[in-house]
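**Q** Pasting the sequence and the predicted model now:
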Amino acid sequence: MPFKQMENIAAYLEACTKLGVPAYDSFQTVALYENKDMIAVLTNIHSLGRVAQRVEGFTGPSLGAKLADTNKREFDEEQLRAAKAAPTLIGKGSHGGATQAGMIDYSKNINRGASIVGIDGLGQGGEATMATTGAHGLVDHSGMIDRNREIVRPQGQ
């Protein structure tokens, strides 16, 4: 009995292929017989319903999404020229109105107006100096000393 059931599943899959169900919408026989991959089986059934809508003379109920019909369009030179000159909506956001008008990008500014002579007294007393204010003039690193670029020599040299 199991062999006959598997033969029936294989015959069903062969009929699906003949009707035009794509191979990627098919499933392995054991997926249905052993109840292992029912998502693949359901995908195949929906694909069969989609393809069956195109079979000549079929008037039964439909299942699955309708396959698209070919809709070839022809444009004359004037229409093509007008389309090339039209502004695109790329960058306008999902509502077509996204804009950065009035925005100023301060992220690349370099604060060159520092009035610091030497490094003595840099940031002492809690006041922010031009060197410690950051690009926006908001950050205060009073009392911080950057030792990242100091050269450390081994002792005895």
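**A** Yep, that arrived.
**Q** what's Ala40 in contact with, if anything?
**A** 26-28, 31 (C-beta atoms under 8 Å, 6 or more residues apart in numbering). Any C-beta I mention is one placed from the backbone N, CA and C, and that applies to glycine too.
**Q** any idea of the pLDDT on Glu77?
**A** Note on Glu77: pLDDT of 94.
**Q** And the one 10 residues further on, by the same measure?
**A** The confidence metric pLDDT takes the value 77 at Pro87.
**Q** related to what we said a few turns ago, helices - which of the contacts of Ala40 land there?
**A** Ala31 (DSSP state H).
**Q** Check the gap between Glu7 and Leu13 for me.
**A** Going from Glu7 to Leu13 by C-beta to C-beta, to the nearest Å gives 11 Å.
**Q** Which one of those two is surrounded by more residues?
**A** With neighbours defined as other C-beta atoms under 10 Å, Glu7 and Leu13 compare such that Leu13 has more, 18 against 11.
**Q** Grab the nearest non-local neighbour of the more buried one.
**A** Ser26 (5.9 Å; C-beta to C-beta, 6 or more residues apart in numbering).
**Q** Let me know the average pLDDT across the helix or strand harbouring Ala40.
**A** In this structure, Ala40 sits in helix 38-52 according to DSSP states H and E. Averaging the model's pLDDT scores along helix 38-52 yields 93.
**Q** Please save the CA atoms from it in PDB.
**A** Listed next in PDB are the C-alpha coordinates belonging to helix 38-52 (Å, rounded to 0.1, in the frame of the first residue of the first chain):
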ATOM      1  CA  MET A  38       3.900  20.700   4.300                       C
ATOM      2  CA  ILE A  39       4.800  24.300   3.400                       C
ATOM      3  CA  ALA A  40       6.300  23.000   0.100                       C
ATOM      4  CA  VAL A  41       3.200  20.900  -0.500                       C
ATOM      5  CA  LEU A  42       0.900  24.000   0.100                       C
ATOM      6  CA  THR A  43       3.100  26.100  -2.100                       C
ATOM      7  CA  ASN A  44       2.700  23.500  -4.900                       C
ATOM      8  CA  ILE A  45      -1.100  23.400  -4.500                       C
ATOM      9  CA  HIS A  46      -1.300  27.200  -4.700                       C
ATOM     10  CA  SER A  47       1.000  27.200  -7.800                       C
ATOM     11  CA  LEU A  48      -1.200  24.600  -9.400                       C
ATOM     12  CA  GLY A  49      -4.200  26.800  -8.700                       C
ATOM     13  CA  ARG A  50      -2.500  29.700 -10.300                       C
ATOM     14  CA  VAL A  51      -1.500  27.700 -13.400                       C
ATOM     15  CA  ALA A  52      -4.900  26.100 -13.700                       C
END
